[in-house]
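Q: sequence-free structure coming up:
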């Protein structure tokens, strides 16, 4: 029996076929397609399935970056409308389950071995609720509730909650972004485009002069990738400062999520950005901002924090859910 798993993001669509087995899903083949090259998810899936042997598909689980209501989602960063009922016919498949991308990612992260997790804070492992925060093209958050016997993953749209500044620089950043966007959500900062927003704030308010090399590279490449590379290499002060602000806000929001979920079981940091900026996450600024919760600082120090290093975690989670259908 075969299942189709998908991780549908604003930048890329990862798809994979798995065989079911007693040991769990076994990967048959996978591919990653540029999302914006396709007019619809159906077209992307058809391209993937046509590229190799086409088995009979028993069940499908797709994680999509956006809210899912009654089996339907209007993607947040794509001009796609995705509907379970339409996919059952177009694929075709007996069962199709559409979930928020962080929901499937949480299922995948929970199954990762220790070697695919980097510890930022060992904390004191406890049985209890957990949480996942993941910055990429957007910002996703999910809760993992422990009911005493099993873990239940709950999707959220916490990435679209309001950004709350914690110091004078972040207050200036909020005012800068408010002029452009009106309301400022966390995703305006904690995402790939968000990192560029922080850089623009520093550049346009005169924090330092822009490097000619950085400006030229940004004209022909992904600005956020350029900022990350230059910051980690120590070659550009604005990029370095932008990444420092990004990491601090990331840690603070991870701590906020942990408080809301009372995630004493641990917090996972997922998404595509965290593994790429791991050297910056391990300097202590992320954990310091995570812990900085006043009278509850002692609780925060005891919460384990781990970075998920396996980029396939969302696909593995989707495959696990599809196998259960």
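A: Perfect, thanks for sending it. Here the structure is a predicted model, which is why all the values come from computation and not from measurement.
Q: buried set for stretch 39-59?
A: 41, 42, 44, 45, 48, 49, 57, 58, 59 (16 or more other CB atoms under 10 Å). In this view, the C-beta of every residue, glycine as well, is placed from N, C-alpha and C.
Q: what pairs with the host helix or strand of the last one, and is each one parallel or antiparallel?
A: Per DSSP states H and E: residue 59 is located in strand 57-64. In the sheet containing strand 57-64, the strands it pairs with under DSSP bridges are strand 2-8 (parallel), strand 95-100 (parallel).
Q: what's the following helix or strand after the lengthiest helix in the chain?
A: Secondary structure of the chain read by DSSP state H shows that its longest helix is helix 237-261. Of the helices and strands lying after helix 237-261 in sequence (DSSP H and E), the nearest is strand 266-270.
Q: That following strand packs against which elements?
A: In this structure, strand 266-270 packs against helix 101-110, strand 130-135, helix 237-261, strand 305-308, with contacts taken as 3 or more CB pairs under 8 Å, 6 or more residues apart in numbering; DSSP states H and E.
Q: one step back: list just the nearest of the buried residues of stretch 39-59 to residue 11.
A: Proximity of the buried residues of stretch 39-59 to residue 11 was ranked by CB to CB; the top entry is residue 44 with 12.7 Å.
Q: mind checking pLDDT for the closest residue in space to the closest one that isn't next to it in sequence?
A: Of all residues beyond its chain neighbours, the one nearest residue 44 is residue 38 (4.3 Å), with distances taken as CB to CB, 6 or more residues apart in numbering. Each residue has a pLDDT score; the one for residue 38 is 94.
Q: Repeat that for the one 10 residues further on.
A: According to the predicted model, the pLDDT of residue 48 comes to 96.
Q: any idea which element it lies in?
A: Using DSSP H and E, residue 48 sits in helix 41-50.
Q: measure the residue nearest to residue 44 to residue 82 for me?
A: Residue 38 sits 12 Å away from residue 82 when distances are taken as CB to CB, to the nearest Å.
Q: Show me what the helix holding residue 48 is packed up against.
A: strand 2-8, strand 12-19, strand 26-34, helix 84-90.
Q: which stretches of the stretch 51-200 of the chain form helices?
A: Listed from the start of the chain, the stretch 51-200 of the chain has helices (DSSP state H, counting those that start in this stretch) covering 84-90, 101-110, 168-181, 192-204.
Q: nearest to residue 275, of those helices?
A: helix 101-110 (12.6 Å).
Q: which residues touch residue 192?
A: Residues counted as contacts of residue 192 (CB atoms under 8 Å, 6 or more residues apart in numbering) are 11, 135, 136, 137, 222, 224, 272, 273.
Q: still on that earlier bit, which of the strands paired with strand 57-64 is buried the deepest?
A: strand 2-8 (a mean of 27; mean count of other CB atoms under 10 Å).
Q: and the angle from it to helix 41-50?
A: Angle, strand 2-8 to helix 41-50, by axes from the mean of the first three to the mean of the last three CA atoms, to 10 degrees: 130 degrees.
Q: quick one, strand 2-8 and strand 26-34 angle?
A: Between strand 2-8 and strand 26-34, the angle comes out at 30 degrees (the same axes, to 10 degrees).
Q: Just give me the neighbour total for residue 36.
A: Using other CB atoms under 10 Å as the criterion, residue 36 is surrounded by 14 other residues.
Q: Got the phi and psi for the closest residue in space to it that isn't next to it in sequence?
A: In space, not counting the residues next to it along the chain, residue 36 is nearest to residue 78; the distance is 7.1 Å by CB to CB, 6+ apart. Phi and psi for residue 78, reported as degrees, to the nearest 10, are phi -140, psi 150.
Q: How about the contacts made by residue 78?
A: Contacts of residue 78 were listed using CB under 8 Å, 6+ apart, and they are 8, 10, 35, 36, 65.
Q: Return the most buried member of the helices and strands packed on helix 41-50.
A: Of the helices and strands packed on helix 41-50, the one with the most neighbours on average (mean count of other CB under 10 Å) is strand 2-8, at a mean of 27.
Q: can you give me the offset of that one from its chain's centre?
A: Mean-position distance between strand 2-8 and its chain equals 17 Å (CA atoms, centre = their mean, to the nearest Å).
Q: Start at 777, not 1
A: Okay, residue one is now 777; in that scheme the one you just asked about reads as strand 778-784.
Q: between that strand and strand 788-795, what angle do the directions make?
A: Strand 778-784 runs at 160 degrees relative to strand 788-795, counting by the same axes, to 10 degrees.
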